[in-house]
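1. Using only what follows, build the 3D model:
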Amino acid sequence: MKYSSVMVYYGCMRIIIVEDEKIVADSLAASLIDRGYAVDIVGDGKKAFSRISLNHTDYDLIILDLSLPNMDGKSICMALRKINITTPILVLTGQDEIQDKVDLLFAGADDYLVKPFSFDELYARIQAILRRPAVSLPAVITYWDIELNSSERVVSKNGKLIPLTLKEFVLLEYFLRNRNRVVNREELLSHLWDFNFSSFSNVIDVHVKNLRRKLDWNGDDNILETVRGVGYRLK
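-> Down below sits the predicted model:
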């Protein structure tokens, strides 16, 4: 998938889609990826519960279909809440009865969406859920002469715009929100890429190299330093 230098940015978020209908899952994933999310897909209920149980801190949102093989969505929702996993859950359901919706909320769902639905409506629900962080994060981040504005989706240095690809944008935001500490490769992979990427891949090195080149266009020392054998850190 190719991206232009002017990217639409909606936050460095990772979503897991639990949906057994491949066409539906792939369509949702493609639309979310186009908007800057990292997305994983699982089509089996038990496998999804196991994946989320072990890796729930990697996910910002669970999109959960009710009708799944081996373990239904409502059971997954209840089981996750029972073991104190608080990751937001958006349920996709074909049930439009009031009591069914009430039951889903009591089961631990944060919201639900009745099929069929438009992607615009789904995206609006996702945005509403993700606007409920425990700590409010600023839309504009300034670090020395670099300014990142997530609302206007732009990055500038010394007041001059820097064109970034989508992954460069989310990488920079992650570094800015985690400045003054070393961020390792595994952490970047778990937050910004899906499970298909291997920690042995050089994809992060390539993106960091390109980001560093764009940030240091005026000849400054590298502000994004490599901590050999560990990861990266903003100087």
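2. so after the helix or strand in which L176 is found, what's the next helix or strand?
-> Element membership for L176, per DSSP states H and E: helix 166-177. Where DSSP H and E defines the elements, the next helix or strand beyond helix 166-177 is strand 183-184.
3. Y232 touches D205, doesn't it?
-> No: with contact defined as Cβ atoms under 8 Å, Y232 does not reach D205; the gap is 9.6 Å. (Each C-beta comes from the backbone N, C-alpha and C, glycine too.)
4. what's whatever helix or strand R213 lives in packed up against?
-> Using DSSP H and E, R213 falls within helix 203-215. The contact analysis (3 or more Cβ pairs under 8 Å, 6 or more residues apart in numbering; DSSP states H and E) places helix 203-215 against helix 166-177, helix 185-192, strand 224-227.
5. Find the one among these with the highest mean neighbour count.
-> helix 166-177 (a mean of 21; mean count of other Cβ atoms under 10 Å).
6. Counting by contacts, list what it packs against.
-> Using 3+ Cβ pairs under 8 Å, 6+ apart: helix 166-177 touches strand 140-143, strand 146-149, helix 185-192, helix 203-215, strand 231-234.
7. Out of the ones you listed, which gets the lowest mean score?
-> The weakest mean pLDDT among the helices and strands packed on helix 166-177 belongs to helix 185-192, with a mean of 76.
8. For that one, list the C-alpha coordinates in CSV.
-> Presented in CSV, the C-alpha positions along helix 185-192 are these (Å, rounded to 0.1, in the frame of the first residue of the first chain):
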residue,chain,number,x,y,z
ARG,A,185,12.4,-2.2,18.6
GLU,A,186,10.0,-4.7,20.2
GLU,A,187,8.0,-1.9,21.8
LEU,A,188,7.7,0.0,18.5
LEU,A,189,6.6,-3.2,16.7
SER,A,190,4.0,-4.0,19.3
HIS,A,191,2.5,-0.6,19.2
LEU,A,192,2.8,0.5,15.6
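9. so it versus helix 203-215, what angle?
-> Relative orientation of helix 185-192 and helix 203-215, computed by axes from the mean of the first three to the mean of the last three Cα atoms, to 10 degrees: 80 degrees.
10. Any idea how far helix 185-192 is from the middle of the chain?
-> 11 Å (Cα atoms, centre = their mean, to the nearest Å).
11. Great, nothing more from me.
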